[in-house]
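>>> with the input below, show me the fold.
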Amino acid sequence: ISRRMFPNHYDRDKLDEVELHNKLRHYIVNEVISLQTNKGMVLAILYFLFNVISVTLYINQSDQPLEQCVQVLDTCNWTLYADIGLNVFFLFHFLLRLIAAPNRLKFWFQMGSIVDFCTIPPCALALILERNWLGMRFMRALRFMQMGEILMTFNSTGTSIVQLLVLMLDFVSVWLFAAGFVHLVENSGDPWKPNSARTDNFTYFDSVWLTMVTMSTVGYGDVYPTTGIGRSFMMVFIVCGLAMFATYTPYLYEFYRSRSPYAGRYERADSKKYVVVCGHITYNNVKSFLADFLHPDRGDRTSRVLFLDNKRPEPELTGLIKRYFLSVQYFEGSALNHNDLRRVQLEHSDAVILLCNKDSDDTKSEDAATILRAISVKNYCSKARLIMQLLNYKSKSFLQTIPNWDPINYRDENICISEFMYGLVAQSCLCPGFSTLMINLISTRSYIPGTNENLDWKSDYAYGCDHEIYTVMISSDFNGMTFPEAAEICYKQLNLLMIAVENFDNSGLAINPLPDQFTIRKECLGYFIASSYKDVCRARFYCALCLNEGIEIGFKPCKCRLEAAVPQLSTVPAAKKKRSNVQLIPLSEHKSPNNNETGLTRVGSVDSKSSTATDINQLRTVRHLFSQHSTKSTSVDRGTLTGAGMSSTFDPTGNYHWSPEKKFEDVDL
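Numbering: from 1, shown residues only. The predicted model follows:
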């Protein structure tokens, strides 16, 4: 009667109830059990861990009878209380999934629902009947498969590792489930046969062993089922096990292949310099590159070479890499992938070298691939030094499309093979033998004396091939010299052939410059033709003082240079300095032997009786070593020094005063 009298009131209550149910379902679906939220992720992880604990408790109790009386109020029976707490959580999770299920009918037949039906009610009956039944708690092992969904959601590891973990969890789930079922039916017996249960203490471990040897088709026969249900189940399980092995074997093989031994990460050492080589990596390319780059004549034993290619090395290349295992390392990856560039720590490398396929028929495609690699490298690290090979000279027009391509600041370089080849041919037409000379200079070879003693021309040619072009920072004793002066010293005294110099002041490279075109300054780079880098080091550690004393220039800094690095003159207090016995003569009274009124001796007009070129170089060396400390070593201001019976005039720099001309050996400090 009330519904007929107030129909709108009851319809409104029904709508409110439906709306409340929809809000609750929406909250559970999107907030509580969704793996995209923190709450859902925590709930899923707890559900997985509690299933693992439940299976562990089952295995722990499997050596006891399947059914036994229990005292609910017995506080010592902690496994019962733990099992009750776990099943309460499982019941709560079941209700959440039931509310969130879009189709309630299908939900009852899902695997998770069937597992809950078979495990939760026996626990409730144990409390009521005070009889614990081990029952079908082994079915909780099937819920291990849920961990694959969690790993996929996290995506914290590689895809191949996630797939392997999912396969392992599926295998373990089926294995433990089958072992638990065999253990149950063998200890319970066939329902239609009384007293058909086994009496030989068939443990859970025996059932695990039985299912494993059966699934692997080994079948030792030491353990076998005796009940009808157990044998029927094993027949089905054999078919399922074979299907599982056949399905999982390709995945396992693919995972083994994907785990390349060259997929690691380069561990950089602070003292090790290294270059990264990408592009066309083949046995012939790598062999010729390493033979030149790691040649003993180069003298650098600390450099390493990292090869990066998107395929595994061939057996020939693998053997070559093992031969140079102290200096070479191979990585499988692509220069177009920033993750692979990060693995080789490209940002810390000295240079990135891009090799091309010189035998390619399609030069445009090959150059396009090289330029794409260059763009990827520069996008990853703009300051990386890039050295690349190109086949077609027309491809050089695309270099401006490479981001941060800077030949000046970053010393980026491109080598056009066709342009270089045609240039050598053209120069050889003008000067026969030019191409042979240049090829011998840029390729590193070794000469063993006495190998061609019968043929003099072959011996001379091999000796010439042993010389290459090397660069080194020349000694500061060359400061202020012209190129002919420095080249003469290098040739006569150091047995080196200097062909070019380069100052680091954007003046560029100067090849055999005239005296008025170039002056050597501090931190000057010299270009030499020599047989090894060790020989060139003599120009780096050249010392005029040691050479004048007859000491041979070696391959490391001399003692006088190390001592001059911290001059003792600046460390002696002014009060403790002894007076010098040298009389200071005014400039006006000084007359030089060659009637030079100023007392200066020009470099271009040296008197061989009073001085030599070596003396001038030594004077420059002394001036260079002590100019930094002259202001600290004297308390006299710049100008004219006057004293008791003596006076002196300083030079325009204010650092030195004129004195009577003497031989260098007499005033050597």
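
>>> which element, helix or strand, includes L317?
Assessed by DSSP states H and E, L317 sits inside helix 315-323.

>>> from the contact counts, what lies against that helix?
Counting contacts by 3 or more C-beta pairs under 8 Å, 6 or more residues apart in numbering; DSSP states H and E, helix 315-323 packs against helix 283-293, strand 328-332. C-beta coordinates here come from the backbone N, C-alpha and C atoms, glycine included.

>>> ok, 7 Å please
Where contact means 3 or more C-beta pairs under 7 Å, 6 or more residues apart in numbering; DSSP states H and E, helix 315-323 is packed against helix 283-293.

>>> which SS class is L354?
For L354, the assignment made with DSSP: H, G, I helix; E, B strand; the rest coil gives strand.

>>> what distance do you get for it to A141?
54 Å (C-beta to C-beta, to the nearest Å).

>>> which parts of the protein are strands?
67-69, 131-133, 273-279, 303-309, 328-332, 351-355, 386-390, 413-416, 468-473, 497-503, 509-511, 524-530, 640-643, 646-649 (DSSP state E).

>>> what lines up beside the first one in the sheet?
By that I understand strand 67-69. Note on strand 67-69: by DSSP bridges, its sheet partners are strand 131-133 (antiparallel).

>>> what's the partner strand in contact with?
Contacts to strand 131-133, defined as C-beta atoms under 7 Å, 6 or more residues apart in numbering, come from residues 66-70, 80, 122, 126.

>>> again, 6 Å this time
If you take C-beta atoms under 6 Å, 6 or more residues apart in numbering as the criterion, strand 131-133 is touched by 67-70, 122, 126.

>>> count residues in the vicinity of the closest residue in space to I529 that isn't next to it in sequence, would you?
Leaving aside its chain neighbours, I529 sits nearest to L497 (4.4 Å; criterion: C-beta to C-beta, 6 or more residues apart in numbering). A count of nearby residues for L497, using other C-beta atoms under 10 Å, gives 14.

>>> low-confidence stretches in the stretch 351-500 of the chain?
Judged by pLDDT under 70, the stretch 351-500 of the chain has its weakly predicted residues at 448-455.

>>> where exactly do the helices run in the stretch 101-250 of the chain?
Remark: helices assigned in the stretch 101-250 of the chain by DSSP state H, counting those that start in this stretch are 104-107, 111-129, 147-154, 159-188, 204-215, 228-258.

>>> ok, which of those helices comes nearest S532?
helix 228-258 (44.8 Å; C-beta to C-beta).

>>> flag every buried residue along that closest one.
Applying a neighbour-count criterion of 16 or more other C-beta atoms under 10 Å, one finds 229-230, 233-234, 237, 241, 244 buried in helix 228-258.

>>> how about stretch 166-181?
By 16+ other C-beta under 10 Å, the buried positions in stretch 166-181 come out as 166-167, 169-171, 173-181.

>>> which of the residues you listed sits closest to F109?
F177 (17.8 Å).

>>> what about the residue nearest to the closest one when sequence neighbours are not counted, distance to K358?
Leaving aside its sequence neighbours, F177 sits nearest to A141 (C-beta to C-beta, 6+ apart; 5.0 Å). As judged by C-beta to C-beta, A141 and K358 stand 60 Å apart.

>>> more neighbours: which of the two?
Higher neighbour count among A141 and K358: A141, with 25 against 15, using other C-beta under 10 Å.

>>> ok so, going back, and of the buried residues of helix 228-258, the nearest to D340?
Relative to D340, the closest of the buried residues of helix 228-258 is M244; by C-beta to C-beta it sits at 35.2 Å.

>>> ok, now how distant is the closest one from R143?
Going from M244 to R143 by C-beta to C-beta gives 18 Å.
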